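1. Have a look; sequence and predicted model below, questions after that.
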Amino acid sequence: MSGFVDLHCHLLPAVDDGARTLEDALEMARALVDLGFSTVAPSPHARPEYAPVDVVEARLVELKAALEQARIPLSLGRNAENILDDAFLRGPCARTPRTARGAEEQGGGGGIRPPPPGQPVPPSGRRVAGV
Ligand SMILES: [Zn+2]
């Protein structure tokens, strides 16, 4: 079976606690393809202690080129593992989130939309901000 999509994968090299090198990422990509995945949206941690978004974007471009050169049939998308902490929920000016699409493509701002009216508060006490 093939055609699976992985939306939570630390495949990008040297941006978080996932793949350490480009070679590691290529080996992981081969394993994913062998398991039936055709698309991955690597989800690097979007926290201040990890690589900033410009580095993540550069690694994504590098990995796409390396996959093509190595003839590994795996498509990559944009993604991030955001943590819904107070800084994230303060709004688009507090921190620029990494999203499946660029913030501009989402209609402006930092990509965070306010929660819908009447949205329930989860037991953790954190609000979900429309993600
Ligand atoms: Zn993760």
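-> Nice, I can see it.
2. Check which residues of the longest helix seen in the chain are buried.
-> In the chain, assigned by DSSP state H, the helix with the most residues is helix 53-69. For helix 53-69, a neighbour-count test (16 or more other Cβ atoms under 10 Å) marks 53, 56, 57, 59, 60, 63, 66, 67 as buried. C-beta: built from backbone N, CA, C; applies to glycine.
3. swap in stretch 68-76?
-> So stretch 68-76, judged by 16+ other Cβ under 10 Å, has buried residues 72, 74, 76.
4. For the spatially closest residue to the second one that is not a sequence neighbour, pull up the helix or strand it's in.
-> On the basis of Cβ to Cβ, 6 or more residues apart in numbering, the spatially nearest residue to residue 74 that is not a chain neighbour turns out to be residue 29, at 4.9 Å. Secondary structure from DSSP states H and E places residue 29 in helix 22-34.
5. That helix packs against which elements?
-> helix 53-69 (3 or more Cβ pairs under 8 Å, 6 or more residues apart in numbering; DSSP states H and E).
6. packing partners for the helix it packs on?
-> helix 22-34, strand 75-76.
7. would you turn these into CSV with distance to residue 8 and mean pLDDT?
-> Shown next, in CSV, are those (distance: least, Cβ to Cβ, whole Å; pLDDT from 0 to 100):
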stretch, distance to residue 8, mean pLDDT
helix 22-34, 12, 98
strand 75-76, 14, 98
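8. sorry, back to before: the residue nearest to residue 74 and residue 64, how far apart?
-> Distance of residue 29 to residue 64, given as Cβ to Cβ, to the nearest Å: 11 Å.
9. any idea where the strands of the protein begin and end?
-> 4-6, 37-40, 75-76 (DSSP state E).
10. now, of these, which is deepest in the fold?
-> Stretch with highest mean neighbour count among the strands of the chain: strand 37-40 (a mean of 18; mean count of other Cβ atoms under 10 Å).
11. Pull up the pairing partners for that strand, direction included.
-> Here strand 37-40 is paired, per DSSP bridges, with strand 4-6 (parallel), strand 75-76 (parallel).
12. Present those strands as TSV; the columns should include distance to residue 87.
-> Shown next, in TSV, are those (distance: least, Cβ to Cβ, whole Å):
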stretch	distance to residue 87
strand 4-6	27
strand 75-76	27
